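S.K.: Take this sequence and fold it.
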Amino acid sequence: MASLSTTILIVTGFLAVFILLGGLVAVQHDDFDKRINALASSQLKVINALETLHDDQNNLSESQIGLANKFESLVNDFQELVKEHEILRKKYEFINKAQQQQARTNLQKQLLILVGGKKATATQLIELEKTANPGRSGDWYLKKVILDLQQDKTSQI
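M.R.: Next up is the predicted model:
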């Protein structure tokens, strides 16, 4: 009987250990489930973050393309403005030369009137002024001779 009691005790001990182990396994299983659920939740958060990042990258790419298109348009506009500026500059130079020529012609006519239409006298007066004041512009000599002639006429009156 002793061996039956011992056997019962051993079997009871095993059952108790088995029940205790089963409880521990159940506790560990619950803890494992919680950790799996937390991991799955974290994975979902990472997936959502990656999707958001991907969307942001697509939006950024679209913005970069838009900016590149705007920049290209601005460059084209700038190049057109440069061309227009060059055309306007050439027109201005042409008009300026024409105005200078007209002003020079008017000075020459004024000088001829002052010398009584004598071209040789006008030329001699200009050459004298060039000798006295070298390195000046043609218009300067014309203005100087005209001014001197006008002062001579006023001083004679």
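
S.K.: count of neighbours near the closest residue to N133 other than its chain neighbours?
M.R.: Closest residue to N133 apart from its sequence neighbours, by Cβ to Cβ, 6 or more residues apart in numbering: K144 at 7.2 Å. Backbone N, C-alpha and C define where each C-beta goes, glycine included. Residues lying near K144 (other Cβ atoms under 10 Å) number 17.

S.K.: for the host helix or strand of K144, packing partners?
M.R.: For K144, the host element (DSSP states H and E) is helix 138-156. Packing partners of helix 138-156 (3 or more Cβ pairs under 8 Å, 6 or more residues apart in numbering; DSSP states H and E): helix 2-114, helix 119-132.

S.K.: Need the winner for burial among those helices.
M.R.: By mean neighbour count, with neighbours taken as mean count of other Cβ atoms under 10 Å, helix 119-132 ranks first of these at a mean of 14.

S.K.: what's next to that one, contact-wise?
M.R.: Here helix 119-132 makes contact (Cβ atoms under 8 Å, 6 or more residues apart in numbering) with Q108, L111, L112, V115, R136, Y141, L142, K144, V145, D148, L149.

S.K.: Let's see the pLDDT reported for the second one.
M.R.: Model confidence at L111, given as pLDDT, is 94.

S.K.: Among the helices and strands packed on helix 138-156, which comes closest to Q156?
M.R.: Q156 sits nearest to helix 2-114 of all the helices and strands packed on helix 138-156, at 12.7 Å, using Cβ to Cβ.

S.K.: chain center to that closest one, what's the gap?
M.R.: Remark: helix 2-114 is offset 21 Å from the chain centroid, using Cα atoms, centre = their mean, to the nearest Å.
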